[in-house]
Every structure is written in C-alpha cells, then in structure tokens.
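A.B. asks: Sequence first, predicted coordinates after that:
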Amino acid sequence: MSLGLPGKRFNGFFANHTSFIRLNHYPPCPTPDLTLGVGRHKDPGALTVLAQDNVGGLDVKRKDGEWVRVNPIPSSYIINLGDCCQVWSNDKYVSAEHRVTVNSKRKRFSIPFFFNSSNNVMVKPIKELVNERNPSKYTEFNWGKFFKTKNVGNYNKREAENLQIHHFQDV
Ligand SMILES: O=C(O)CCC(=O)C(=O)O
Ligand SMILES: [Fe+2]
C-alpha cells in the first residue's frame, strides 16, 4: 500500500505460494573469525519473518557497505524484504544483504519464515509503477526457476557470487 497500490494487488502472486519455514541451529564455533554461520546473501522471495533467540549473530549490510549487528529484541520478529519486492517495486524498496556470524561460546537458534510467491509467477516491476519517467529496470524472470537455480549456489560461505536479481537488471 505504501507503493500507492490497492491492498490486494499482490494477492494473485500467492495463489499457490511456495512459502516455507527453516529451523537454523548454529553450534558454538571456536574460531568464529574463520567461518560464517550463513554466508552473505539476500533472501530471494517476497518477505521473510524471522524469529531469533537472544544470542545474536545476524548482521545486515548498510548502504555505506558496513556490516551492523541486528541485536535481538525479546518477543519481536525481524521482517526482511526479499528480492521479489525489490523487483516488483522497481527498486523503490531494496532487499537487504545479510549474513550470520557464529558465536564461540553459545549455540544459536533462529526460525525464518520465507513468504514466497507461486512457482509460475513471472517477476517484473508492477506495471502501475513504471512509466516513461520511471521505466522498468528489470527483465522479467520466473520465480520457480530463479529460486531453484539460486538455491544451488546460495549460502556459500565464501565471496563467490551466484544468480542474483541484478542479472535481470537492464543497464
Ligand atoms: O539465522 C538468521 O538470523 C538468519 C538466517 C538467514 O538469513 C536465512 O536462513 O536466510
Ligand atoms: Fe536470509
């Protein structure tokens, strides 16, 4: 609605949604400087609702490139915008890059709920949001295929890049 669209404008994308929950367990690691719990990535879907315990470890990358810790707040969820929202909004919203740092003493648990569209959805900027002054910045892609391909190489604990939405960005 903050995009100036009707509240139900996105409903059709989720008729056969492919949402899922993941249970993450990060055991203590004696050498946290040498590895990551989850390598840097952006969540590919629409939205992520994340519950984390009180240990902390989630870092998000700020616009200036600096990694900042998302400190746990009791009884609250973290809402992460995913790649599909970035494309639908034609970059008005930007999905946040994040990673998980491990803890040398305490194990950590987190539970993300990934809210994802139907496999057959072609993801592209919403047509009401594009015009001559603000042309579409993306070539459309199929959600199901994008997710499958991305999953193969995602969460690598190294700097290698796998499929990203900017590969569909028109230059
Ligand atoms: O454990 C966390 O806080 C985040 C995990 C995460 O980013 C993911 O599973 O996509
Ligand atoms: Fe994530």
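C.D. replies: Structure's in. What do you need? Numbers count the residues shown, from 1 in each chain. Ligands and ions are numbered 1, 2, ... in the order given.
A.B. asks: Ligand 1 versus Val130, what's the distance?
C.D. replies: Distance from Val130 to ligand 1, counting by C-beta to the nearest ligand atom, to the nearest Å: 29 Å. Glycine gets a C-beta too; all of them are placed from N, C-alpha and C.
A.B. asks: wait, isn't that residue in contact with Asn90?
C.D. replies: Yes: counting by C-beta atoms under 8 Å, Val130 touches Asn90, with 5.9 Å between them.
A.B. asks: Give me the common contacts of the two.
C.D. replies: Ser136 (C-beta atoms under 8 Å, 6 or more residues apart in numbering).
A.B. asks: neighbour count winner among those two?
C.D. replies: Neighbours were counted for Val130 and for Asn90 using other C-beta atoms under 10 Å; Asn90 has more, 18 against 15.
A.B. asks: So the closest residue to the more buried one other than its chain neighbours: helix, strand or coil?
C.D. replies: Leaving aside its chain neighbours, Asn90 sits nearest to Pro125 (3.7 Å; criterion: C-beta to C-beta, 6 or more residues apart in numbering). What DSSP: H, G, I helix; E, B strand; the rest coil gives for Pro125 is coil.
A.B. asks: Checking Phe147 next. Helix, strand or coil?
C.D. replies: Phe147 - assigned by three-state DSSP - is helix.
A.B. asks: Pull up the gap between the residue nearest to the spatial centre of the chain and Cys29, please.
C.D. replies: Centroid-nearest residue in the chain: Asp43, 1.9 Å away (criterion: C-alpha atoms, centre = their mean). Asp43 sits 23 Å away from Cys29, taking C-beta to C-beta, to the nearest Å as the criterion.
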